[in-house]
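In: test case, fold it:
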Amino acid sequence: MPEEKLLFVINPISGDIEKDDLQDEIRRFMKEHDQAVEFFYTTGENDKQKISAKIEKLQPSTVVAVGGDGTINLVAQTVLNQPTKMGILPMGSANGMASELNLPTGVEENLKLITKGKSKKIDVLQINEKYICLHLSDIGFNAQLISTYEKSDSRGLLGYTKSFIEEFGNADPAAFEITLEDATVSKKAFMVVLANASKFGTGAVINPEGKPDDGYFELVILRPQNVSEFLEMLVPFYTRQIHTLDFVDTYKCKKVKIKNPELQNLQIDGEIMGQPLHVNVEILPRCVEMIIP
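Out: Numbers count the residues shown, from 1 in each chain. You can find the predicted model right below:
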């Protein structure tokens, strides 16, 4: 008899791998390791409720997100503060959280990690009391870039580059009022980042000291005032020095309230969540049991 049962939650439109072939590979590998598997394919309709019901019925030891950061976020919602472990089989376009956890890129290598079951508890951010963020969220330029890219007909690097050029040409600093635990500050910023991790999926390091299991998140405010200062950020992003720039502010936080009067876009783990006037954020420490290398 199999010792454990695993549930794989698959986003059928993520990545380039044929999902039927992937399912066969997972089933074959897990059979060799005496582990039973079940599969759930997301549809975009009541996925959270359906996954939760599946977990309640199957009582799996581990639920594995097969997709990108959006799929990872979805699965995390269903195992929050539960003994069920969570694994990741990265299949997204950026795979930011997988990169943060130093997960391998190959399918078999990740399946090996999942069977070993080594794990640690990680934090999540609670945003406006209804969303969670495992990786990175932001208000401003990057969120608008994601929104433009999603509406574009172009995909891949070309599509992203076209969207970047379009948004860079239109970008202006926006006003924000930020209430920290001990002060309130007003800033004109290009972008405000809520960082539970250190780097974007592109490898750009926004928060060199960031750890997803330290009980804190970092609020990073980017305030370039002109094209020259914007370009000045590019090299520090990839040399872990972004925090040394005079127009970058970093605050270590357990909670923060942000007023967004110019209604800039908010993205959470790569998903656009509208243009809220208020963004209230609080750390939820050690509430997801994540499989790691």
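In: C-alpha from now on. contacts and neighbour counts both.
Out: Fine.
In: name every strand pairing with the longest strand anywhere in the chain and say which way it goes.
Out: If you go by DSSP state E, the chain has its longest strand at strand 278-291. According to DSSP bridges, strand 278-291 forms sheet pairs with strand 85-90 (parallel), strand 119-127 (antiparallel), strand 255-259 (antiparallel).
In: can you put those in TSV and add mean neighbour count?
Out: Shown next, in TSV, are those (neighbours: other C-alpha atoms under 10 Å):
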stretch	mean neighbour count
strand 85-90	28
strand 119-127	22
strand 255-259	20
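In: need those strands in CSV with mean pLDDT, can you?
Out: Below are the strands paired with strand 278-291 laid out as CSV (pLDDT from 0 to 100):
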stretch, mean pLDDT
strand 85-90, 96
strand 119-127, 98
strand 255-259, 98
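In: can you list those in a markdown table and add distance to residue 58?
Out: Formatted as a markdown table, those follow (distance: least, C-alpha to C-alpha, whole Å):
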| stretch | distance to residue 58 |
| --- | --- |
| strand 85-90 | 14 |
| strand 119-127 | 21 |
| strand 255-259 | 36 |
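In: among these, which is nearest residue 19?
Out: Nearest of the strands paired with strand 278-291 to residue 19, taken as C-alpha to C-alpha: strand 85-90 at 12.4 Å.
In: past that closest one, which element shows up next along the chain?
Out: Toward the C-terminal end, the helix or strand that comes next after strand 85-90 (DSSP states H and E) is helix 96-100.
In: pLDDT of the helix or strand just after that following helix, averaged?
Out: Following helix 96-100 in sequence order, the next helix or strand is helix 107-116 (DSSP H and E). Helix 107-116 carries an average pLDDT of 95.
In: one more: stretch 135-147?
Out: 90.
In: can you give me the end-to-end distance of it?
Out: Start-to-end span of stretch 135-147 (C-alpha to C-alpha, to the nearest Å) is 18 Å.
In: burial check on the nearest residue to residue 119 once chain neighbours are set aside, number of neighbours?
Out: Distances taken as C-alpha to C-alpha, 6 or more residues apart in numbering put residue 291 closest to residue 119, at 4.1 Å, once the chain neighbours are dropped. By the criterion of other C-alpha atoms under 10 Å, residue 291 has 24 neighbours.
In: now do the contacts for residue 291.
Out: Taking C-alpha atoms under 8 Å, 6 or more residues apart in numbering as the contact definition, residue 291 lies against 85-88, 113-114, 117-120.
In: which stretches of the stretch 1-150 of the chain form helices?
Out: Taking DSSP state H, counting those that start in this stretch, the helices of the stretch 1-150 of the chain run over residues 19-32, 47-58, 69-79, 96-100, 107-116, 141-151.
In: helices and strands around the third one, which ones?
Out: In this structure, helix 69-79 makes packing contacts with helix 47-58, strand 62-67, strand 85-90, strand 131-133, judged by 3 or more C-alpha pairs under 8 Å, 6 or more residues apart in numbering; DSSP states H and E.
In: again with the fourth one
Out: Judged by 3+ C-alpha pairs under 8 Å, 6+ apart, helix 96-100 is in contact with no other helix or strand.
In: mind saving the C-alpha coords of that helix as CSV?
Out: Presented in CSV, the C-alpha positions along helix 96-100 are these (Å, rounded to 0.1, in the frame of the first residue of the first chain):
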residue,chain,number,x,y,z
GLY,A,96,9.7,33.9,-9.0
MET,A,97,8.9,31.9,-5.9
ALA,A,98,10.5,28.7,-7.2
SER,A,99,13.7,30.8,-7.9
GLU,A,100,13.5,32.3,-4.5
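In: pull the longest strand of the chain out as PDB, backbone CA atoms only.
Out: The C-alpha coordinates for strand 278-291 follow below in PDB (Å, rounded to 0.1, in the frame of the first residue of the first chain):
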ATOM      1  CA  HIS A 278      -6.100  51.600   0.500                       C
ATOM      2  CA  VAL A 279      -3.600  48.700   0.600                       C
ATOM      3  CA  ASN A 280      -3.300  47.300   4.200                       C
ATOM      4  CA  VAL A 281      -0.600  44.700   4.700                       C
ATOM      5  CA  GLU A 282       0.300  42.400   7.600                       C
ATOM      6  CA  ILE A 283       2.700  39.500   7.900                       C
ATOM      7  CA  LEU A 284       1.300  36.100   8.800                       C
ATOM      8  CA  PRO A 285       4.300  34.300  10.100                       C
ATOM      9  CA  ARG A 286       5.200  30.600   9.400                       C
ATOM     10  CA  CYS A 287       1.800  29.600   8.100                       C
ATOM     11  CA  VAL A 288       2.700  27.500   5.000                       C
ATOM     12  CA  GLU A 289       4.800  24.300   5.200                       C
ATOM     13  CA  MET A 290       6.800  24.500   2.000                       C
ATOM     14  CA  ILE A 291       9.000  21.800   0.500                       C
END
